[in-house]
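Visitor: take this sequence and fold it.
(2 chains)
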Amino acid sequence: QVKLQESGPGLVKPSGTLSLTCSVSGDSISSDYWWSWVRQPPGKGLEWIGEIYHFGSTYYNPSLESRVTISVDKSKNQFSLELKSVTAADTAVYHCARAQRERLIEYWGQGSLVTVSS
Amino acid sequence: DIQMTQSPSTLSASVGDRVTITCRASQSINRWLAWHQQKPGRAPTLLIYKASSLKSGVPSRFSGGGSGTEFTLTIGSLQPDDFAIYYCQQYSAFPWTFGQGTKVEI
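Guide: Reported below is the predicted structural model:
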């Protein structure tokens, strides 16, 4: 069974860079899927951040595109998220996920809370 | 962006009740709609895709319907394990968007 697990710092300073990694088990990161990030600010709904295909194609939410980078590390079967110039509005639970080619999200990670605060 | 609007935001119900959640899209998404369930502190899970297809292993008391801009998720007989938050998600047009969630509580 596919499992995804987020990891990374739980606290980031304003104007800093948020970095998270998603470790994938039960599947290869080189499989025919899109590997995605979705976030959920406290008390709010879900926001799709972006996605990557194993050979490097990426798509980002236009609302975040100028600050986001998603990358893949095939040797570790992981993919990562970087969000630059963060503010308190970026405080959220960040989920990684696997989506089919038509972008149906099938599997989710439990999520990692990242707080932006000095 | 396609806006997804769920109603109600909160639904109070009892074990055994039949409950229905509605999700409306700001433009047609054909049947490219999924429903996800989220319990506190746990990963969300996919319940239904293509508006009405039940994911393998999901109890048959869950059903989905609709097309175009209006969709429903129905739980035929609410069980204790079903108290959770439910989200709709469109995967018809980029960027993929979600409803704000419906909390089903006792």
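Visitor: measure the residue most central in space within chain B to B:A43 for me?
Guide: In chain B, the residue lying closest to the centroid (C-alpha atoms, centre = their mean) is B:W35, at 3.7 Å. Distance, B:W35 to B:A43, by C-beta to C-beta, to the nearest Å: 15 Å. Using the backbone N, CA and C atoms, a C-beta is placed for each residue, glycine as well.
Visitor: before we move on, what about A:G45?
Guide: Taking C-beta to C-beta as the measure, A:G45 falls 16 Å from B:A43.
Visitor: for stretch A:104-117, measure first residue to last.
Guide: One end of stretch A:104-117 sits 33 Å from the other (C-alpha to C-alpha, to the nearest Å).
Visitor: hmm, back to that, higher neighbour count, A:G45 and B:A43?
Guide: Comparing A:G45 with B:A43 by other C-beta atoms under 10 Å in any protein chain shown, the one with more neighbours is B:A43, at 19 against 15.
Visitor: partners of the residue nearest to the centre of chain B in the sheet?
Guide: Per DSSP bridges, the residues bridged to B:W35 are B:I48, B:C88.
Visitor: list the residues that contact it.
Guide: B:23, B:46-48, B:62, B:64, B:73, B:86-89 (C-beta atoms under 8 Å, 6 or more residues apart in numbering or on different chains).
Visitor: what about it, distance to A:S25?
Guide: Going from B:W35 to A:S25 by C-beta to C-beta gives 25 Å.
Visitor: ok, residues contacting stretch A:53-66?
Guide: Stretch A:53-66 is touched from outside by A:29-31, A:33-35, A:47-52, A:68, A:70, A:72, A:74, A:83, B:94-95, with contacts defined as C-beta under 8 Å, 6+ apart.
Visitor: residue contacts, B:Q27?
Guide: So B:Q27 contacts B:2, B:69, B:93 (C-beta under 8 Å, 6+ apart).
Visitor: and those as JSON lines, adding neighbour count, secondary structure and distance to chain A?
Guide: As requested, the contacts of B:Q27 are arranged in JSON lines below (neighbours: other C-beta atoms under 10 Å in any protein chain shown; DSSP: H, G, I helix; E, B strand; the rest coil; distance: C-beta to the nearest C-beta, whole Å):
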{"residue": "B:I2", "neighbour count": "17", "secondary structure": "coil", "distance to chain A": "11"}
{"residue": "B:T69", "neighbour count": "17", "secondary structure": "coil", "distance to chain A": "19"}
{"residue": "B:A93", "neighbour count": "15", "secondary structure": "coil", "distance to chain A": "10"}
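Visitor: give me the pLDDT for residue 63.
Guide: Went with chain A since none was named. pLDDT for A:S63: 95.
Visitor: nope, chain B please
Guide: 98.
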